[in-house]
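> Need a 3D model of the sequence below.
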Amino acid sequence: MAPRLIYLFAVSNPENVGDGLYTDVYQHWQIAYLTKEIGLSHGLRLWDLKGVEYFWGSLHPIVLVILFFVTGSTDIVLARIQSLAFGSLGVVLIFHLCQRYWNLSVAVAATVFAAIAPTSVFNDASGMLEPMGVSLSLLGIWLLPKRSLGAGIAWGLATAARPEAWLSSPGLVLASFLRRATVRRWFLMLLGFVSVMAAQMAFLNARTGNPIYPLYWNYLANAGGLWMKPLIASQQSARPWFVALWAMATLGLLTTLWRRPRSYLLLLYGFGSCALVFGLFGLTAFITEWYPWRWMMWILAFPYDFAALLVAIGLFVIVPRYVGREIRQRTWLMAGALLVGVQLTWIPIEAAYTSTASAWNTDVATGRYIASIFGQPDYRGGTLNLPPPDHPAVTYALVHYGGLEGRHLMSQLYDPFYYLPAGYQYADHPATAGTLLQCWLSTTKTSILVMPDDRADYLAYAADHPDWFEMLGRVSDYRWTIEAVHVPAPSPQTCAQSALNARAGGE
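Numbers count the residues shown, from 1 in each chain. The predicted model follows:
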């Protein structure tokens, strides 16, 4: 844990997790914060401004909400400490598993790499979700021999932490039946896993209508390419390399299933995780997420640790077995050289992190600026109406630096056009759409509207009602105009009739 704490507080800016590299961390924080401020008052549910509150899973925001309540703080540092703690747990589990299955030398070498490798430290201290999912999966493997119930629970919780675990956890459950065990132990493992999965799926079904929501949408968005950008030449040229790596990981997976050594569950999880990552890049539309700096990111952090574990097995198990134990000193020298050499990766990692300072400063300045306008007496009693935030760090700045509360924030994601037929525009139906916008702004008590330049419906509506809008400022970096809103409230009957007309596609 020490290297991660040192990096968090002595090397990085604790508030800037890497704005632009790790933007999702602010999105995860936003879900947890708004769940605490708004979601829990609507029953047990998550909340977000961008509508992806259940996309990654439920466990991370729930744990973070608990930390918010316990500490009385909503600082992003808590999210980073949360992932740091789970990452450190993963390091400890790697040591114990390697010592159990091989020997102390393998355990020390693999653990030292996981503890000090720049990619591991950088990612574990980022605030991302992966450390939680990986450590819970490893915890289940460590618990299994004697604590089958706990193993099943850990693997079930892993699915609530990371969508990938929806594939790996059932795989580990099935693979565990290949080992010798009493019927009682198998029953307890299934009881733990099925209980957690049943509760989670019931919760997801109640809130989203889809009991496998994270798996379903991650497949469509990532592997299926629903949200992906167009493919570029450098990404296409990288695909064969990932296909080759996927084939190697799959071969390791199949060989482990065939040979089934005592360590087979750990090896299956490692090879399976690598096959999933490399397969996503090599075989699916997810290749469009590959960029030159992506090698240092969260998705490859555990594959690096697993690769180091395989190298440690080679140096301290396989080589001594065939060459002799007298070579042990040389293998330690080689391991030491590799551990020292890998530290050079700090150079590009720090360069990439340092480059995010500009984006972070812009988001902080934007949050402070909008908050200063909204904080004026004429507006602070209403709602700040925001674009669906592709800049969740701005939301964090609004709260952390601007002093806004979650109840003040409203998302434009679910404006009236979200519920209307595709292609329904204000320009074509100004009377009906205008009434619906008036009803929406009035009902949400919008006092400040942050209007994006690319929202033609909003721009046209404001132009047609100049007495209802007053420009107060401009965020040129994001092409946003800040408008004061003075919309009179229409009658509920007018709103209801306009909604019926619009859904019928008419005026």
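> Distance of L265 relative to Y396?
For L265, the distance to Y396 (Cβ to Cβ, to the nearest Å) stands at 39 Å. In short, each C-beta sits where N, CA and C put it, glycine included.
> what do you get for A117?
A117 is 28 Å from Y396, by Cβ to Cβ.
> how much space between F242 and T256?
In terms of Cβ to Cβ, F242 sits 21 Å off from T256.
> Kindly apply the preceding question to V399 instead.
V399 is 47 Å from T256, by Cβ to Cβ.
> More neighbours: which of the two?
Between V399 and T256, V399 has the larger neighbour count (other Cβ atoms under 10 Å), namely 24 against 21.
> who's in contact with stretch 148-161?
57-60, 129, 132-133, 136-137, 139-141, 143-144, 165-166, 168-169, 172-173, 176, 181, 185-186, 188-197, 200, 214 (Cβ atoms under 8 Å, 6 or more residues apart in numbering).
> pLDDT below threshold where in the protein?
Residues of the chain meeting the criterion pLDDT under 70: 181, 324-326, 389, 499, 502-507.
> Which residue ranges make up the domains of it?
Split into domains by automatic domain parsing, the chain comes to 2-225+298-353, 358-503.
> mind checking how far N123 is from M296?
Distance from N123 to M296, by Cβ to Cβ: 8 Å.
> Just want to know which of these two has more residues nearby.
Shown here are N123 and M296; by other Cβ under 10 Å, N123 has more neighbours (27 against 19).
> And that one, how close does it get to V399?
25 Å.
> Ok, L157 next?
Distance from L157 to V399, counting by Cβ to Cβ: 28 Å.
> now swap in G51 and tell me
Look at G51 and V399: by Cβ to Cβ, they are 19 Å apart.
> now F55
Here the criterion is Cβ to Cβ. By it, F55 lies 21 Å from V399.
> And for R185?
Applying Cβ to Cβ to R185 and V399 gives a distance of 47 Å.
> residues in contact with P261?
Y101, L267.
> Give me the secondary structure label for it.
When classified by DSSP: H, G, I helix; E, B strand; the rest coil, P261 comes out as coil.
> How about the one 10 residues further on?
F271 falls in the helix class when you classify it by three-state DSSP.
> quick one, what contacts the closest residue in space to P452 that isn't next to it in sequence?
With sequence-adjacent residues excluded and distances taken as Cβ to Cβ, 6 or more residues apart in numbering, P452 is closest to P387, at 4.9 Å. Residues counted as contacts of P387 (Cβ under 8 Å, 6+ apart) are S411, Q412, V450, P452, R455, W480.
> for the spatially closest residue to H486 that is not a sequence neighbour, what are its contacts?
Spatially, and ignoring its direct neighbours in sequence, H486 is nearest to W468 (5.3 Å; Cβ to Cβ, 6+ apart). Contacts for W468 (Cβ under 8 Å, 6+ apart) come out as A462, V485, H486, V487, P488.
> Among the residues you listed, the buried ones, what's the PyMOL command?
What follows is the PyMOL syntax for the buried subset of the contacts of W468, where burial is set by 16 or more other Cβ atoms under 10 Å:
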select buried, resi 462+485+487
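> is it possible to export the contacts of W468 to CSV including distance to Q376 and secondary structure?
Converted to CSV, the contacts of W468 look like this (distance: Cβ to Cβ, whole Å; DSSP: H, G, I helix; E, B strand; the rest coil):
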residue, distance to Q376, secondary structure
A462, 20, helix
V485, 13, strand
H486, 14, coil
V487, 18, coil
P488, 21, coil
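> Which two among the contacts of W468 are spaced furthest apart?
A462 and P488 (14.9 Å; Cβ to Cβ).
> Identify the residues contacting the residue nearest to E130 when sequence neighbours are not counted.
Closest residue to E130 apart from its sequence neighbours, by Cβ to Cβ, 6+ apart: W298 at 4.8 Å. W298 is in contact with Y22, N123, S126, M128, E130, counting by Cβ under 8 Å, 6+ apart.
> Apply 6 Å and report the result again.
By Cβ atoms under 6 Å, 6 or more residues apart in numbering, W298 lies in contact with N123, M128, E130.
> Same question for G192.
Counting by Cβ under 6 Å, 6+ apart, G192 has contacts L149, G152, I153.
> can you do 7 Å?
L149, G150, A151, G152, I153, G156 (Cβ atoms under 7 Å, 6 or more residues apart in numbering).
> Is it in a helix, a strand, or coil?
If you use three-state DSSP, then G192 falls in the helix class.
> now I482
Here I482 is recorded as strand under three-state DSSP.
> How about L384?
strand.
> Is it bridged to anything, and to what?
L409, I448 (DSSP bridges).
> OK, contacts around it?
L384 neighbours (Cβ under 7 Å, 6+ apart): F374, L404, H408, L409, M410, I448.
> Just the buried positions in the helix or strand harbouring S237, please.
For S237, the element it lies in under DSSP states H and E is helix 233-259. For helix 233-259, the neighbour count (16+ other Cβ under 10 Å) marks Q235, A238, R239, F242, L245, W246, A249, T250, G252, L253, T256 as buried.
> Over to stretch 377-390?
Those would be Y379, R380, G382, T383, L384, N385, L386, P387, P388, P389, for stretch 377-390 by 16+ other Cβ under 10 Å.
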